[in-house]
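J.: sequence unknown, structure follows:
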């Protein structure tokens, strides 16, 4: 995929050592739940509502390297019968990945992301997963990310992947059981943005 002119300028500025924090590239304000501590380990797998999914990337050529979202979708069901999905994504990298409230990141999408960015993380946010009201925020692999349904429920297990014997490894989630939403969200408001254009507009 060939970057658009604004995207080429954006990437060139990153390569030139721009020290801007790129706050304007953040598509959403983080939910208050994202500050909660992870749940304690128990014999029962964490099980709960999947209320957010996101794809984050590292702009490794920026100085310092900066992380930002290319996709973030959030499900809000605080009002019974009025569940909504909102969020945004950059179609230049994830065209066709979003279908209403569902997300499917293909191998070709992933190849594009890993070619253009320093790191790609697929995040799952779910909960509450226990009586204490804890929420689980954990990365997953691309295939498992696709299998865990936004606005549905999931039971997951976590596992570590180590690159070497001296490395503690990173913890990932994979689903044991999933269930899609009992009914479609009452409203879906998913918008598109251009990462390069945002950079140009703000800086």
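T.: That came in fine, so what should we check first? This one's a predicted model, so the numbers in the text were calculated from it and none came from an experiment.
J.: okay, buried residues for the lengthiest strand in the chain please.
T.: Longest strand in the chain by number of residues (criterion: DSSP state E): strand 47-59. Residues of strand 47-59 classed as buried: 47-57, 59 (neighbour count, 16 or more other CB atoms under 10 Å). Just so you know, the C-beta spots here come from the backbone N, C-alpha and C atoms, and that holds for glycine as well.
J.: tell me which two of the residues you listed sit farthest apart.
T.: Across the buried residues of strand 47-59, no pair lies farther apart than 47 and 59, at 34.9 Å, counting by CB to CB.
J.: rewinding a little: and the longest strand of the chain, what does it pack onto?
T.: Contacts defined by 3 or more CB pairs under 8 Å, 6 or more residues apart in numbering; DSSP states H and E place strand 47-59 against strand 66-76, strand 119-126, strand 153-161.
J.: for the first one, buried residues please.
T.: Right, strand 66-76. Neighbour-count burial for strand 66-76, counted by 16+ other CB under 10 Å, picks out 66-76.
J.: so which residues of this protein form strands?
T.: All strands of the chain, identified by DSSP E, fall at 47-59, 66-76, 84-89, 98-99, 102-103, 119-126, 136-140, 153-161, 170-179, 187-192.
J.: neighbours of residue 60, how many?
T.: 16 (other CB atoms under 10 Å).
J.: mind listing what it touches?
T.: 117-119 (CB atoms under 8 Å, 6 or more residues apart in numbering).
J.: looking at those residues, which has the most residues close by?
T.: Counting by other CB under 10 Å, top hit in the contacts of residue 60: residue 117 with 19 neighbours.
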